[in-house]
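# prediction below, plus the sequence it came from.
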Amino acid sequence: MKTNVLAPETLNDWFDEAGRDLPWRRPETTGWGVLVSEIMLQQTPVVRVLPIWSEWLARWPKPSDLAAATAAEVLRAWGKLGYPRRALRLHAAAAAIANKHGDVVPSDVDTLLALPGIGAYTARAVAAFAYGLRAPVVDTNVRRVVARAVHGSAEAGPPSTTRDLADVDALLPQDDAEAARYSAALMELGALICTARTPRCVDCPVLADCAWQRAGRPAYAGPARQAQRFAGTDRQVRGLLLDVLRAAPGPVERARLDLVWRQDAQRDRCLDSLLVDGLMEQTEDGLFALPGEA
DNA sequence: CAGCCGTGGGG
DNA sequence: TCCCCAAGGCT
């Protein structure tokens, strides 16, 4: 049996000492609080999530509270966190939890996976962090830590959910509570020490055993990832359009939206896609509004 | 499975 | 300045 470079005792001890005191990690945080944090944290830095998460939990302490809000209220409260479809999916998930699960966030991974906006990562993160269960929690941090410490590669290869889950499952201790803490520790190590750009290896608790370190820190050899452009994309235009509605007290005229982007065809396409996605609605007199306030 | 879906800060 | 990236999910 191979020894685990990322030994649970080592990681958990380090986490006890160096882990951040984030509000959604506090013992009094409910499953709902954890779920909200996980959705907000998807592709979004912690510092930007912190204030919004606090507002949401104070305003909507239970899933049924969020479910009772209008989509317009939800989207305004989401603000500029980005990827606003996450807010709509969380809104829908809250309704499902309120109606079908007794207003309690499920702890079962498969049940969680059936909810909108909850995928392989988030389902297991909720099971582990909200309910202390043993579940392989694989995010970009964990993938990077495992790639380096275990496989000796500078970066993680292309993601494969099946393989990644099995990879991390093999590292997890058997005990539920210990495994859950270990999952948090693994993520935290990637977030604070084993970072993407310039890892702080001098502070790493597993430096001596790290396979990447032992191999002489070889450069990444895998396929180059495609750079994600933003300027000029539909994503940018949609963001500009939606921002007009978020900032407005109510429905706005088409002319207001026309101001945010010069190219008619692209603007029209984006406007249409926002309507299709349910991120905005058109009133009977042709004005545009956030959904639920028309 | 590759491409798409926001936003802003740091190197 | 520009580019990269930050607790992914969905089609």
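Everything's here; your move. Numbers count the residues shown, from 1 in each chain, chains lettered A, B, ... in the order given.
# now do A:R20 against A:A180, distance only.
17 Å (C-beta to C-beta, to the nearest Å). C-beta coordinates here come from the backbone N, C-alpha and C atoms, glycine included.
# er, A:D13 I mean
From A:D13 to A:A180 the distance is 16 Å (C-beta to C-beta).
# more neighbours, the two?
Applying other C-beta atoms under 10 Å to A:D13 and A:A180 shows that A:A180 carries more neighbours, namely 23 against 13.
# and chain A, which residues reach DNA strand B?
A:43-45, A:48, A:80-85, A:158, A:160, A:197-198, A:226, A:228, A:230, A:233-236, A:238-240, A:242-243, A:273, A:279 (C-beta under 7 Å from any atom of the strand).
# got any ranges where chain A has weak pLDDT?
Within chain A, the stretches with pLDDT under 70 are A:1-2.
# where's the residue in it that DNA strand B sits nearest to, which helix or strand?
At 1.5 Å from DNA strand B, A:G239 is the closest residue in chain A, using C-beta to the nearest atom of the strand. Assigned by DSSP states H and E, A:G239 belongs to helix A:234-247.
# what of A:G250?
Counting by DSSP H and E, A:G250 is found in no helix or strand.
# quick one, what contacts it?
Contact analysis of A:G250 by C-beta atoms under 8 Å, 6 or more residues apart in numbering lists A:289, A:293.
# and with 10 Å instead?
A:72, A:283, A:287, A:289-290, A:293-294 (C-beta atoms under 10 Å, 6 or more residues apart in numbering).
# could I get those as JSON lines with secondary structure, distance to DNA strand C and neighbour count?
As requested, the contacts of A:G250 are arranged in JSON lines below (DSSP: H, G, I helix; E, B strand; the rest coil; distance: C-beta to the nearest atom of the strand, whole Å; neighbours: other C-beta atoms under 10 Å):
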{"residue": "A:A72", "secondary structure": "helix", "distance to DNA strand C": "21", "neighbour count": "19"}
{"residue": "A:T283", "secondary structure": "coil", "distance to DNA strand C": "26", "neighbour count": "13"}
{"residue": "A:L287", "secondary structure": "coil", "distance to DNA strand C": "27", "neighbour count": "16"}
{"residue": "A:A289", "secondary structure": "strand", "distance to DNA strand C": "23", "neighbour count": "17"}
{"residue": "A:L290", "secondary structure": "coil", "distance to DNA strand C": "20", "neighbour count": "24"}
{"residue": "A:E293", "secondary structure": "coil", "distance to DNA strand C": "24", "neighbour count": "19"}
{"residue": "A:A294", "secondary structure": "coil", "distance to DNA strand C": "23", "neighbour count": "16"}
